[in-house]
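> A predicted structure for the sequence below; I have some questions about it.
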Amino acid sequence: MKKIGYCVAGLGVGKNHVSAAASNPNVGYLAICDIDEGRLEAVGKQYPQAVRYNTFEDMLKDPEIDIVSIALPSGIHAEYAVKALEAGKHILCEKPIDITVEKALTIEEARIRTGKKVGVIFQNRNNPVMREAKEAIESGAIGKLILGTFSVKWYRDQPYYDAGGWRGTWAMDGGGSLMNQAVHTVDLMQWLMGDVESVQGLYTIANHKIETEDLTASVIRFKNGAVATFVSTTCCNPSRGTFVQVYGSDGCIELNGDKVDAWKIRGITPEEENAVKEKYVKGSAAAVQADPTLVIGHASQVNDIIDAVIHDRDPQIGPMEAIKAVRIINAVYESSRTGKIIRFD
């Protein structure tokens with residue numbers, strides 16, 4: 001079997017993609033691409049086997065490359081993903097898939113047109129505790145879904161936004177704390193709670209000099225009758241973390257990051273709840289140490305797109321699934337600007 005040629009375009013968060021691809025035994029050719037010569041040199045020294053490109057267009061001409069990770073600024077994901085697909089490459093796109101539904105749909109259209117594979121990064125779904133939570137909710141172990149409370153309480157200083165010139169801008173970042181930092185948790189919310197019926201939200205700039213926002217608060221209604229609140233901020237100094245809390249008629253699951261605060265599901269004993277808490281007391285890293293077959297983080301989805309190409313199957317998370325989080329986020333922004341409840345079809 002021919003080994004896969006893998007290239008990572010964008011060497012900020014893309015460094016995680018490089019590490020994962022370099023470790024995958026099915027990758028026989030590695031390339032990296034960045035217009036920043038300093039980044040290209042630094043990552044190239046770490047992975048001397050990697051072929052280096054400083055333009056996306058030159059990289060696309062390389063016939064050895066089968067898959068490209070798109071780890072560029074959010075507002076150009078669709079533009080470059082479509083270029084890669086039309087050049088005959090499969091892609092793995094960083095979150096968010098793009099900053100508007102309309103732009104994201106161009107990736108889906110190109111996927112259909114070219115027949116190539118498209119995966120989108122939402123690696124937190126693969127945290128072992130999140131998979132267990134999803135199974136517990138889907139099995140009915142907490143009864144009828146009633147309420148979710150989700151919050152991302154992080155801190156980013158002003159130099160974070162000033163670096164690079166694209167963070168906190170509508171054109172390239174598509175938003176602030178909600179689109180950039182909290183998009184993972186928005187995805188987890190809709191994945192755990194179900195299809196959205198309506199969104200009512202607000203945003204503000206509380207403590208940074210940026211175009212977009214550094215704080216949002218919203219209420220989401222789901223088609224199954226459940227309701228959730230969602231808060232995002234990069235003004236919480238010091239950062240307090242990410243909280244995922246789901247309540248049903250027969251129990252609840254409360255997660256602090258990838259640790260368990262409460263696991264009260266139908267039929268569980270206090271001893272069994274404590275066992276679940278102990279299992280995740282140190283988060284996913286400890287779970288992986290206990291079970292080395294588990295793969296978490298970006299590596300889980302880099303490995304997934306490679307396997308999808310080899311075995312001609314759909315990747316774990318495709319464009320239409322990834323678009324859901326973008327639609328929710330843009331509904332929060334629209335609701336804040338208009339003062340209206342945004343209703344979904």
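That came through, no problem. As the structure is a computational prediction, the values presented were derived from the model and not from experiment.
> Quick one: find the helix or strand in the protein with the lowest mean pLDDT.
Every helix and strand of the chain was ranked by mean pLDDT, DSSP states H and E. The lowest is helix 283-290, at a mean of 60.
> in whichever helix or strand comes after it, what's buried?
Sequence order places helix 298-311 as the next helix or strand after helix 283-290, per DSSP states H and E. Neighbour-count burial for helix 298-311 flags 298, 299, 300, 301, 302, 303, 304, 305, 306, 308, 309 (criterion: 16 or more other C-beta atoms under 10 Å). All C-beta atoms are positioned from the backbone trio N, CA, C, and that covers glycine.
> same for helix 298-311, what does it pack against?
Of the remaining helices and strands, those touching helix 298-311 by 3 or more C-beta pairs under 8 Å, 6 or more residues apart in numbering; DSSP states H and E are strand 4-9, helix 14-23, strand 67-70, strand 90-93, strand 118-120.
> Partner strands of the first one and their direction?
Meaning strand 4-9. strand 27-33 (parallel), strand 67-70 (parallel) (DSSP bridges).
> that older thread, now the helices and strands packed on helix 298-311 as JSON lines including distance to residue 53?
Listed next are these as JSON lines, based on distance: least, C-beta to C-beta, whole Å:
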{"stretch": "strand 4-9", "distance to residue 53": "7"}
{"stretch": "helix 14-23", "distance to residue 53": "13"}
{"stretch": "strand 67-70", "distance to residue 53": "11"}
{"stretch": "strand 90-93", "distance to residue 53": "16"}
{"stretch": "strand 118-120", "distance to residue 53": "21"}
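> domain parsing for this structure?
4-122+297-317, 124-293+326-343 (automatic domain parsing).
> In stretch 22-34, which of the residues would be classed as buried?
So stretch 22-34, judged by 16+ other C-beta under 10 Å, has buried residues 22, 24, 27, 29, 30, 31, 32, 33, 34.
> Actually, stretch 80-89.
Buried, per 16+ other C-beta under 10 Å, within stretch 80-89: 80, 81, 82, 83, 84, 85, 87, 89.
> Could you export that stretch as PDB, CA atoms only?
Output of stretch 80-89 as PDB, limited to C-alpha atoms (Å, rounded to 0.1, in the frame of the first residue of the first chain):
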ATOM      1  CA  TYR A  80      -7.700  27.800   0.600                       C
ATOM      2  CA  ALA A  81      -9.600  24.600   1.300                       C
ATOM      3  CA  VAL A  82     -11.400  24.900  -2.100                       C
ATOM      4  CA  LYS A  83      -8.100  25.600  -3.800                       C
ATOM      5  CA  ALA A  84      -6.600  22.400  -2.300                       C
ATOM      6  CA  LEU A  85      -9.700  20.300  -3.200                       C
ATOM      7  CA  GLU A  86      -9.600  21.500  -6.800                       C
ATOM      8  CA  ALA A  87      -5.900  20.700  -6.900                       C
ATOM      9  CA  GLY A  88      -6.800  17.100  -6.100                       C
ATOM     10  CA  LYS A  89      -6.000  17.100  -2.400                       C
END
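> any low-confidence regions in the stretch 151-300 of the chain?
283-296 (pLDDT under 70).
> Sounds good, over and out.
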